[in-house]
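Asks: just the structure for this:
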Amino acid sequence: MLPPSFLSVELRAVRLVAVGCLCLFHTSVVIAKPPKECRDADLIVRNAKIITMDSARSVATSLAIRDGHVLATGTDAEIAACAGPRTQTLDLQGHTVLPGLIDVHTHALEWAKGLLRNDVDPGYPKVHSIAEIVKALGERAASVPKGKWIRGAGWDESKLAEHRYITQRDLDAVAPDNPVWLEHFTGHLGVANTRALELAHVTRETPTPSGGVIDKDDSGEPTGVLKDTAQLLVQAVLPPDRPDLALKAVRLVTQKALEVGLTTIHDICLPADSMRAYQQARREGWLKLRVQMAPLVSSVAEAQALADAGVYTGFGDDYLKLGAVKMFADGGMAAKTIAVYEPAAGEPGNLGLLIWKPEDMQKAQHILAAAGWQLETHAIGDRAIDAVLDSYQSVMQDLGLKEPRFRIVHASFSTPAIQKRLGDLHVLVDGNPAFVYWLGAFFSKYGSQRVRWTYPAKSYFDNGIVAAGTSDVYVTPISPWWGIWALVARREMQSGQILAPEERVSIVQALEMYTRNPAYSGFEENQKGSLEPGKLGDFIVVDRDVLHVPADELKDVQVLKTFVGGELISTKAVPR
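Replies: From the prediction side, this is the model:
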């Protein structure tokens, strides 16, 4: 792929194709037609309902694969002509086929590392109270040597009986002799006990780092809660992982992703050991999941160093390549550190944190974009989103970029004014449909008026904005079916309330956000996102006709088979 500075205006036409025809799927079926030349297929899948997700939303019954790519789609009779002496044929007995699903924003390898470390699990639904978390920590402390770190991730105060943050006092009561660090499920805060704070040299005199918060009680003493960049104080003294952990995590991520129908993921904020692990897996030939790796940049100096490295977005191959570069503009909703124009309830004067000075963000993004990097920036609050859009606009104008496909991660408070700016600048959104279910209880804390425009979906389609669905695992489960269901249902977990029903979309639009749109976000619309001749043979077989099931069944869809490049990689028994 050429650097963004060489992208031409013609890409806008491609973008319009990516978002066009989204509501044109009717009950009548458009049958995909095979090309005139179709022969010597490696694999033919027949007797299926193949939802191609092509521009006409065609449905076929048969699919031919050759050399890892789609050769043709059409009727069983038409595609039978593609067979040769060595062709394998798979009769799917009426099951539904979809293009391989894509998640453009995960922290999959870090999530898998936590599973493999056997960290304490303080998350819902494993636990429902601080008392249960404390009990589990006490049991772990009793089973490990004094001084050994105890770690965990995933706690969520909104789902705990006490409805408050965990504090160092809670942890000290059961693990006074072991340093403890429990990360919040959002990744935007964590809690440390006294021993961990001592090792990190965090006291009442410790200056607050830029872009972070050291939470303190009324007497000025740290509570153990560290938000955003303040977490680095403890994370810097955590013991290193064993050398083979990252490579084992690649195997686990590959397995878990393929099982739920993901054939491509973007893994975000990857440290060096994780990038090496993915590259080793690719070199050894067993990486069967397609991955875009996204490094993190946190300073102008880091931006310059990455630009000087001489690589940029798109370097790699069909299985492993460099994706966008990630930056953070603000904090987290649960941490109350998102940058907003109006404060959250009970937080007078708290307008959140802008992680970067505006001039520094613009300078770093200018350096990176000029070097050929696609940009993706975390921005949740409306003030943060505007700051990012200001920077993007300046960078695009300075460099003469027509459509570099810059992305905003989350874009949570996406008001009509912000959506107009997104559309005018052709900025893409890495959305989080599953957050409506898993995190919906937090939305109203920023005012009932904001709920209407928090994590929208339908208005993105209406306004021509390319939005992709993501899990942000470990924030929500890795399965994309939670997001697909949430796009259609928009039901919040705890109350059962439907949040902003105006933003519900059709199942075809929901599938679009996990197929065509994310392919476009990753500059891969010519390789994946639909089952069309010439594209990669990545597809899945599911256990029900997703176009005609009750909406609440979408979260329960089971993936029976996953094919990558026409090769069967993951399978489970077909239910009788």
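Asks: check which helix or strand covers residue 234.
Replies: Residue 234 belongs to helix 232-235 when assigned by DSSP states H and E.
Asks: so which elements touch that helix?
Replies: helix 194-199 (3 or more CB pairs under 8 Å, 6 or more residues apart in numbering; DSSP states H and E). Where you see a C-beta, it was placed from the backbone N, CA and C, and this is true even at glycine.
Asks: let me see the mean pLDDT of the helix holding residue 234.
Replies: In this model, helix 232-235 has a mean pLDDT of 98.
Asks: next: stretch 555-564.
Replies: Stretch 555-564 comes out at a mean pLDDT of 98.
Asks: same check, this time on stretch 485-496
Replies: Rounded mean pLDDT across stretch 485-496 is 96.
Asks: so which bits of that stretch are buried?
Replies: Residues 485-493 are the ones in stretch 485-496 that count as buried (16 or more other CB atoms under 10 Å).
Asks: tell me how far residue 418 lies from residue 264.
Replies: 28 Å (CB to CB, to the nearest Å).
Asks: neighbour count winner among the two?
Replies: Neighbours per residue (other CB atoms under 10 Å) separate residue 418 from residue 264, with residue 264 holding more: 27 against 20.
Asks: how many other residues sit next to the closest residue to residue 188 other than its chain neighbours?
Replies: Closest residue to residue 188 apart from its sequence neighbours, by CB to CB, 6 or more residues apart in numbering: residue 332 at 2.7 Å. Neighbourhood size, residue 332 [other CB under 10 Å]: 26.
Asks: how about stretch 293-301: buried residues?
Replies: Neighbour count says stretch 293-301 has 293-295, 297-298, 300 buried, by 16+ other CB under 10 Å.
Asks: and those residues, which is closest to residue 220?
Replies: Nearest to residue 220 among those is residue 298, at 28.3 Å by CB to CB.
Asks: mind listing what the closest one touches?
Replies: 327-328 (CB atoms under 8 Å, 6 or more residues apart in numbering).
Asks: how far away is it from residue 305?
Replies: 11 Å.
Asks: go on, residue 428?
Replies: 26 Å.
Asks: what about those two, which has more around it?
Replies: residue 428 (31 against 12).
Asks: and the strands in the stretch 401-550 of the chain?
Replies: Per DSSP state E, counting those that start in this stretch, the stretch 401-550 of the chain carries strands over the ranges 407-410, 428-431, 467-469, 539-542.
Asks: wait, which of those strands is closest to residue 358?
Replies: strand 407-410 (15.5 Å).
Asks: what's the burial count for the closest residue to residue 180 other than its chain neighbours?
Replies: The shortest distance from residue 180 to any residue other than its chain neighbours is 4.3 Å, reached at residue 193 (CB to CB, 6+ apart). Close neighbours of residue 193, defined as other CB under 10 Å, add up to 27.
Asks: sorry, back to before: save the strands of the stretch 401-550 of the chain as JSON lines, and put in mean pLDDT too.
Replies: Below are the strands of the stretch 401-550 of the chain laid out as JSON lines (pLDDT from 0 to 100):
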{"stretch": "strand 407-410", "mean pLDDT": "98"}
{"stretch": "strand 428-431", "mean pLDDT": "98"}
{"stretch": "strand 467-469", "mean pLDDT": "98"}
{"stretch": "strand 539-542", "mean pLDDT": "98"}
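Asks: ok, and for the helix holding residue 234, which residues are buried?
Replies: 233-234.
Asks: ok so, going back, would TSV of the strands of the stretch 401-550 of the chain with distance to residue 282 be doable?
Replies: TSV is the format used below for these (distance: least, CB to CB, whole Å):
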stretch	distance to residue 282
strand 407-410	24
strand 428-431	24
strand 467-469	24
strand 539-542	22
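Asks: rewinding a little: who touches the following helix or strand past the helix holding residue 234?
Replies: Next helix or strand after helix 232-235 toward the C-terminus (DSSP H and E): helix 245-259. For helix 245-259, contacts defined as CB under 8 Å, 6+ apart pick out 103, 108-109, 111-113, 115-117, 263, 265, 267, 273-274, 276-278, 280-281, 286-289, 478, 559, 562, 564, 569-570, 572.
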